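Enquirer: give me a 3D structure for the following:
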Amino acid sequence: MAYIERSITPYIQRAERSFKAVLLTGARQTGKSTLLKRMFPQRKYVTFDDPFFEEQAAVSPQMFLSLNAPPVTFDEVQRVPQLFRYLKMECDNRSAYGLYCLSGSQPFRLMKNVSESLSGRVSIVELSGLSLREIQADPFERPFLPTMDYVLARQQSVRKPEDIWAIIHRGSYPELYQNPALDWQQFYAGYVKTYLERDVRELSAVQDLDVFRRFMVAVAARTGQMVNYANIADEIGKDAATVRNWMSILEASGIIYLLEPYTPAVLRRAIKTPKLYFRDTGLAAYLTRWLTPETLACGAMSGNMFETYVISEILKSYANQGIDYRYCVSYYRGKDKRRVTRNGDTMEVEGEIDFIIEENGTLYPIEIKKNTAETAYAASAFQVLDRVEDKTRGMGAVISLCPAPGLLRENVMELPVWYL
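Expert: Predicted coordinates for the structure are as follows:
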């Protein structure tokens, strides 16, 4: 199988030279183990998926580290939390950098162990699924920002994919692209089974995995929507507290991302509920039974699935440069109604901005539409950001399936999705 080069590789190389340890996190099947083996082929490699090594590290961590001296890679390290305090001592006793490469899923549990034991000694790196840039072997590295400077730089290497809906439907797990003959349904059926039997059982005492599977389907059907715990609870026959707990499991294991709302004090009527997005559109399509790219593109979920894909691609562009995007991205929706006229009809609508990127005191608003052409109306809510004190509204963008970049009006561009 052909290896797909990962955009995050240069950042990991820099981190390995600057920290005692590097921790690579991410959902299952995003390629963590393969990447570390590829980058550091001379290192000894130990996986705690092997019951022997897991038991040795848990029973006698100090001796285990003595027998597996650095430089070494430890995979699925979340299985042996007892090891972290001894890793701290080894890092403190040695002056060299790049001693340990650690990898594992379940980022929340790992973060707890790291914050308690390896704070200041480890660089934490998030590995996402494949981005469109990686699938196309595009070397462009800059994180997405809707500015003219970005667009001019991006167009030097950008290529329009033959079928963007085929990519959205297939998803972002590397194995699906390294092995094109792999059956899509078979892959995701195995993925869900493995996830339920391993990550879910490890993260929480879920007794009925069939009910949890129905919960996953209910959440997938709501990708791109604001979270409504009570609504999901009614659908699966559980209480809202259980749904909240299970939602945290999906987030902890990298299945979903919760986008927080933008709620500055001046926008008093801003809704404060997060929006949920599946990290992988292929998994969301599988769970909601959109079994072909054609039915997905024309189906009732096409708009939400397109928005999910766009959000995921933007976040990957930041994560692959080692940027913690959680503190600079949000969305806005306000309760205040405003009257607008479109196609001769006047209506009342709520102000909504699908995505906001904040950088250096500037707010960049983004609207996401699956159409091939849009009008300036799509960006009419952007002006609400002008009311935010001490912030400047920067260039806005409507991300769509348009054939090429264009200007909708002053300070608002329309960009094809493959420019992300």
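
Enquirer: count of residues packed around Ala2?
Expert: 7 (other CB atoms under 10 Å). Bear in mind the C-beta positions are built from the backbone N, C-alpha and C, glycine included.

Enquirer: how close does it get to Tyr188?
Expert: Between Ala2 and Tyr188 the distance is 21 Å, computed by CB to CB, to the nearest Å.

Enquirer: what do you get for Asp210?
Expert: Where Tyr188 is concerned, Asp210 sits at a distance of 17 Å (CB to CB).

Enquirer: these two - which one has more neighbours?
Expert: More neighbours surround Tyr188 than the other of Asp210 and Tyr188, with 20 against 8 (other CB under 10 Å).

Enquirer: surely the more buried one touches Tyr286?
Expert: Yes - between Tyr188 and Tyr286 a contact is recorded at 3.9 Å, counting by CB atoms under 8 Å.

Enquirer: residue contacts, Gln186?
Expert: For Gln186, the contact set (CB atoms under 8 Å, 6 or more residues apart in numbering) is empty.

Enquirer: surely it forms part of a strand?
Expert: No - under DSSP: H, G, I helix; E, B strand; the rest coil, Gln186 falls outside any strand and is assigned helix.

Enquirer: separation between it and Glu134?
Expert: Note on Gln186: its distance to Glu134, by CB to CB, is 23 Å.

Enquirer: before we move on, what about Leu209?
Expert: With the distance defined as CB to CB, Leu209 ends up 33 Å from Glu134.

Enquirer: settle it for me: which of these two has more neighbours?
Expert: Neighbours were counted for Leu209 and for Glu134 using other CB under 10 Å; Glu134 has more, 21 against 13.

Enquirer: can you show me the CA trace of the one helix or strand the more buried one maps to as CSV?
Expert: According to DSSP states H and E, Glu134 maps onto helix 132-135. Extracted as CSV, the C-alpha positions of helix 132-135 are listed here (Å, rounded to 0.1, in the frame of the first residue of the first chain):
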residue,chain,number,x,y,z
LEU,A,132,-7.9,17.0,1.1
ARG,A,133,-4.4,18.5,0.8
GLU,A,134,-2.9,15.2,2.0
ILE,A,135,-5.1,13.1,-0.2
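
Enquirer: could you give me the average pLDDT of that helix?
Expert: The pLDDT scores in helix 132-135 average 97.

Enquirer: is Tyr277 bridged to anything, and to what?
Expert: Listed beta-bridge partners, Tyr277: Tyr257 (assigned using DSSP bridges).

Enquirer: show me where the stretch 201-350 of the chain dips below the pLDDT cut-off.
Expert: Applying pLDDT under 70 to the stretch 201-350 of the chain flags the ranges 202-205, 265-266, 268-269, 335-350.
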